[in-house]
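Q: Just to be clear, the model below is a prediction. Sequence and coordinates:
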Amino acid sequence: MTNDLIGNRVAAWQNTIFTPGGFTPQGRGGAWGRVCPRHSPFGVFRGQVTHGGARFGLYLDNQYPRGLDRYAAGEWCDKAGGGRERCGGYLRDARSCDWFRSDGTDNGVVNIIEVCAPTIVLRTHQSKARKPCPSSADRAREAAVELSYRAVH
């Protein structure tokens with residue numbers, strides 16, 4: 001579930017964006033036992049437009065993001081039957097899927113799913129969102145301000 005979803009347009013689908021993390025909680029195929037989709041933090045989630053779905057526009061089913069200990073992209077690890085393979089994204093430690101870390105602290109993480117809509121139309125009613133979607137330039141400015149704040153404090 002750690003994919004980046006940026007600027008997608010989805011229409012006329014049952015659940016336009018659906019993350020069924022509990023469907024295969026230990027992964028599938030060659031990833032079985034090496035991932036825990038239900039607990040994978042979300043990637044960047046910004047600028048989605050969904051409409052005309054039969055049920056939900058955004059359905060985050062059984063997602064409980066945790067601080068997973070995973071191999072970095074391009075990192076190598078030992079194969080169970082001998083030899084080496086690329087393990088980017090796989091769990092380094094399966095215990096990192098647990099509710100708590102080994103020291104007893106909470107292992108949950110906070111994800112930000114950016115939701116904004118300049119105009120929301122429901123049948124004959126039209127309302128304006130409180131805050132318009134920021135442009136890429138606005139986001140870059142905010143990130144620069146945040147970094148400079150961290151550097152000073």
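A: Now that the structure is in, tell me what you want to look at.
Q: For this structure, give me the ranges with low pLDDT.
A: With pLDDT under 70 as the threshold, the chain has low-confidence stretches at 1, 115-153.
Q: quick one, what contacts the residue positioned nearest the centre of it?
A: Centrality entry for the chain: nearest residue to the mean C-alpha point is residue 42, 1.2 Å, by CA atoms, centre = their mean. If you count contacts by CB atoms under 8 Å, 6 or more residues apart in numbering, residue 42 has them with 1, 2, 63, 65, 111, 113. From N, CA and C alone the C-beta is placed, and that goes for glycine too.
Q: Helix, strand, or coil at residue 30?
A: When the structure is split into helix, strand and coil by DSSP: H, G, I helix; E, B strand; the rest coil, residue 30 lands in helix.
Q: What is the burial count for it?
A: When neighbours are counted by other CB atoms under 10 Å, residue 30 registers 9.
Q: check contacts around it.
A: Residue 30 makes no contacts at all, as judged by CB under 8 Å, 6+ apart.
Q: That one and residue 80, how far apart?
A: Using CB to CB, to the nearest Å, one obtains 11 Å as the distance from residue 30 to residue 80.
Q: cool, and residue 10?
A: Using CB to CB, which is the criterion applied here, residue 10 is 38 Å from residue 80.
Q: Those two: which has the busier surroundings?
A: Using other CB under 10 Å as the criterion, residue 10 and residue 80 rank with residue 10 on top: 18 against 8.
Q: so the closest residue to the more buried one other than its chain neighbours is in which element?
A: Distances taken as CB to CB, 6 or more residues apart in numbering place residue 16 nearest to residue 10, at 4.1 Å, with adjacent residues excluded. Using DSSP states H and E, residue 16 maps to strand 15-20.
Q: Give the pairing partners of the helix or strand that comes right after that strand; include direction for each.
A: Toward the C-terminus, strand 15-20 is succeeded by strand 45-46 as the next helix or strand (DSSP H and E). Within its sheet, strand 45-46 is paired with strand 5-6 (parallel), according to DSSP bridges.
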